[in-house]
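Enquirer: pasting the sequence and the predicted model now:
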Amino acid sequence: MIEVELKGYADSKLFERVRESFEFLRKEYHEDTYYQHPCRDFSSTDEALRIRIKRFNGHFEAFLTYKGPKMDDLSKTREEIEVPLSDPDGYASILERLGFKEILTVSKVREKYYVEKGVVLTLDTVEGLGTFVEIEAIVEREELVPRTVEKLRLILEGLGVEKFERRSYLELIMEKGGKNGALG
């Protein structure tokens, strides 16, 4: 599966436009803990491995996610493999015993909105970074990526997004000097 994703900087006015324009799905609280491979530098290969804990409506879900390198110069499109976890602490222990190192935990509040079949938009408030809007769709084949990127870009521009961001929240926090879950 290929996750086609675009992200832009947002302010309170853009948040309001989204809230007025699309169907609210739910509010989620995310803790994304990223890991470094013992023999491969993910920052050099543009890959990521994380455990995400999601809390919403009194429920909790957890996932182990691998993200491959970005596939184009305009978006955050990547191969994504995600599997549900029933015991995220147990999986974290396994990763650590295999030599993976915990790099950083990104915490955010996410509001999810339905745009159309297969397209979801989120409003993110990221601890230590600020507010962003993301839009994503899943495609099965790589040749569908350019058309999907353009479609998603036009939706964000229509909402007033002027500045796009390809770097992940992890990359942005690391560039600010964040280490081991804290901003310096």
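Expert: In hand now; what should we look at? Numbering: from 1, shown residues only.

Enquirer: got the CA positions of the lengthiest strand in the chain in PDB?
Expert: When the chain is scanned for its longest strand (criterion: DSSP state E), the result is strand 101-116. The C-alpha trace of strand 101-116 is given here as PDB (Å, rounded to 0.1, in the frame of the first residue of the first chain):
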ATOM      1  CA  LYS A 101      17.100   2.400  20.000                       C
ATOM      2  CA  GLU A 102      14.200   4.700  21.000                       C
ATOM      3  CA  ILE A 103      14.900   8.000  19.300                       C
ATOM      4  CA  LEU A 104      12.000  10.300  20.300                       C
ATOM      5  CA  THR A 105       8.300  10.400  21.000                       C
ATOM      6  CA  VAL A 106       6.100  12.800  19.100                       C
ATOM      7  CA  SER A 107       2.800  13.800  20.900                       C
ATOM      8  CA  LYS A 108      -0.100  15.300  19.000                       C
ATOM      9  CA  VAL A 109      -3.800  16.000  19.100                       C
ATOM     10  CA  ARG A 110      -5.400  15.000  15.800                       C
ATOM     11  CA  GLU A 111      -8.900  15.900  14.500                       C
ATOM     12  CA  LYS A 112      -9.900  13.700  11.600                       C
ATOM     13  CA  TYR A 113     -12.300  14.800   8.900                       C
ATOM     14  CA  TYR A 114     -13.900  12.900   6.000                       C
ATOM     15  CA  VAL A 115     -13.300  14.600   2.600                       C
ATOM     16  CA  GLU A 116     -14.600  11.900   0.200                       C
END
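
Enquirer: adjacent strands (with direction) for that strand?
Expert: Here strand 101-116 is paired, per DSSP bridges, with strand 23-36 (antiparallel), strand 119-126 (antiparallel).

Enquirer: list the contacts of the shortest one.
Expert: The contact list for strand 119-126, computed with CB atoms under 8 Å, 6 or more residues apart in numbering, reads 10, 15, 18-19, 22, 25, 106-115, 131-137, 152, 155, 169. Yep, even glycine has a C-beta here, placed from its N, CA and C like the rest.

Enquirer: how about it: buried residues?
Expert: Val119, Val120, Leu121, Thr122, Leu123, Asp124, Val126 (16 or more other CB atoms under 10 Å).

Enquirer: before we move on, the earlier item: gap between the longest strand of the chain and the chain center?
Expert: Mean-position distance between strand 101-116 and its chain equals 5 Å (CA atoms, centre = their mean, to the nearest Å).

Enquirer: can you check stretch 136-148 too?
Expert: Mean-position distance between stretch 136-148 and its chain equals 17 Å (CA atoms, centre = their mean).
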